[in-house]
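In: What would the 3D arrangement of this be:
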Amino acid sequence: MGLLHHLLSRTVSTPSKSHHLLFTQFSHQFSTSFLITKTPKKFKKKRKKKESPRTKLVQTEPNLISHFESILTRDAHFRFLTKTKEYLSKQPQQILRLDDAGKLHQPLGFPRGRKVLKSILRHPLILQTYRHSDNKIWVGFTDFMDQLLLTESEIANRLERQRVDVVRKLLMMSANKRIPLSKIYHNRLLFGIPEDFRDRVVKYPDYFRVVVEEDGKRILELVDWDSSLAVSALEREFLVDEDKVKRAFKFPVKHGKLLELDFEDERKLNLLNTLPLVSPYSDGSKLDMWTLEAEKYRLGVVHEFLSLTLEKRAYIHNIVEFKEEFSLTKHTYQMLLKQARTFYLAGTEMNWCVFLKDGYGGDGELVDKDPQVVFNERLYEYADMQELESR
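Out: Have a look, this model is predicted:
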């Protein structure tokens, strides 16, 4: 017993390096410190999840402009109507089997997993279902909608020359004065261009030439430059209200504090850096991409692009499709966001819509309504009716 006590007391009082290492390994292997230092999951503070650009809104209070935001709400409300109208119009006899329609949630614009019949029944004046001789249920337009489509066709015929000029201006803005026909077709509703425009262009050989490339892609080329069309909306406005156009875009001069300028002198200096305007009908592809002049050009292009649209607005996918033709960059969103005097961006960071503010009055109504816009608004009214109101 005395020997054992002697050995133990010696070990404790003069621990060797080997003893210390064994003790450390032993204590780590059987450590109970986690009982004290670990915080139970239920008491852990949750990290705030970063909002996705898919859902993060571009604008928040107090910068929201309600009448612009309400237009996007209207777009969402009538997405099924507008997409189904386009899809059905291109089908043989303008009909579609209900079973097939149920598989086309994206082309028809109804939510995935929902019954398409529910969306059809929301618009009884526009769409109807009926049982065909094959005992299958089919979807088609009502007789009332057929009459509306005839009216829309008349509008397209009446405004054909006006739409032709819009396409000519788009070609004149493009880098090589040529745009794939498919791009114009994909964005035709934006400009009021009719469904059969690809067939109509052959009627205007003095303006357009269709070139088929080796891969089969059809390219629309400009035949003749028209100086009278190469005047932007901003340049026309400049002749009427010079000060207003000078204030359209803001390009602050980066100058040192040593200048000690007062407000008025700084405003005049900034004004010098705002002008002159760079015409969107000049060749922007030759500009140094990151210069102030190139940014003025790109802003002018987007401004003119929006001025040519029916509703003086466009979504990101509309603008991105012409990125190469108009020498735009991936920073278009940030560029437009800085110019709040002229543009209003709504929606989410991933799916934003840009409005040309001057195209709208204080009440949120378009200053100039194209006949196609008037027709669309009437269609929306009918689409929300369960039956025709007696006059």
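In: Could you tell me the end-to-end distance of stretch 196-212?
Out: The stretch stretch 196-212 measures 18 Å between its terminal residues, going by Cα to Cα, to the nearest Å.
In: what's that stretch in contact with?
Out: Contacts to stretch 196-212, defined as Cβ atoms under 8 Å, 6 or more residues apart in numbering, come from residues 160, 163-164, 167-168, 171, 178, 181, 184-185, 188, 194, 218-224. Bear in mind the C-beta positions are built from the backbone N, C-alpha and C, glycine included.
In: Buried ones only from the residues you listed, please, as a PyMOL command.
Out: The command below creates a PyMOL selection of those among those that count as buried (16 or more other Cβ atoms under 10 Å):
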select buried, resi 160+163+164+167+168+171+181+184+188+194+219+220+222
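In: List the ones among the contacts of stretch 196-212 that fall in helices.
Out: Using DSSP state H, the subset of the contacts of stretch 196-212 located in helices is Glu160, Arg163, Val164, Val167, Arg168, Leu171, Leu181, Ile184, Tyr185, Arg188.
In: Relative to Gly284, which of those is nearest.
Out: Distance from Gly284 was checked for each of these by Cβ to Cβ. The minimum falls on Leu171, at 14.2 Å.
In: With adjacent residues omitted, what lies nearest to the closest one?
Out: Across the structure, with Cβ to Cβ, 6 or more residues apart in numbering as the measure, the residue nearest Leu171 apart from its sequence neighbours is Leu222 (4.1 Å).
In: What of Arg378?
Out: Taking Cβ to Cβ, 6+ apart, and ignoring the residues beside it in sequence, Arg378 has Leu148 as its nearest neighbour in space, at 8.0 Å.
In: Just confirm Val58 contacts Leu345, I think it does.
Out: Yes. Counting by Cβ atoms under 8 Å, Val58 touches Leu345, with 4.7 Å between them.
In: how about the closest residue to Ile65 other than its chain neighbours, secondary structure?
Out: What sits nearest to Ile65 in space, not counting adjacent residues and going by Cβ to Cβ, 6+ apart, is Tyr344, at 5.7 Å. Using DSSP: H, G, I helix; E, B strand; the rest coil, the secondary structure recorded for Tyr344 is strand.
In: 38 is where my numbering starts, stick with that
Out: Got it, first residue is 38 now, which makes that one Tyr381.
In: was I right about Tyr381 contacting His104?
Out: No. At 9.8 Å, Tyr381 and His104 do not qualify as touching, with contact defined as Cβ under 8 Å.
In: For these two, indicate the residue with more neighbours.
Out: Tyr381 (24 against 14; other Cβ atoms under 10 Å).
In: The more buried one pairs with what?
Out: Judged by DSSP bridges, the bridge partners of Tyr381 are Phe392.
In: before we move on, the earlier item: so the residue nearest to Arg415 touches Glu418, yeah?
Out: No. In this structure, Leu185 is not within contact of Glu418 by Cβ under 8 Å, at 11.2 Å.
In: who has more neighbours, these two?
Out: For Leu185 versus Glu418, the count of surrounding residues by other Cβ under 10 Å is larger for Leu185: 18 against 11.
In: Look up how far Thr179 lies from that one.
Out: Leu185 sits 9 Å away from Thr179, taking Cβ to Cβ, to the nearest Å as the criterion.
In: How are the strands of the stretch 288-428 of the chain distributed by residue range?
Out: With DSSP state E, counting those that start in this stretch as the definition, the stretch 288-428 of the chain shows strands at residue ranges 350-352, 380-384, 389-393.
In: Show me what the shortest one is packed against.
Out: Read that as strand 350-352. For strand 350-352, the helices and strands in contact under the criterion 3 or more Cβ pairs under 8 Å, 6 or more residues apart in numbering; DSSP states H and E are helix 329-345, strand 389-393.
In: Swap in 6 Å and give it another go.
Out: Under the contact criterion of 3 or more Cβ pairs under 6 Å, 6 or more residues apart in numbering; DSSP states H and E, the helices and strands touching strand 350-352 comprise strand 389-393.
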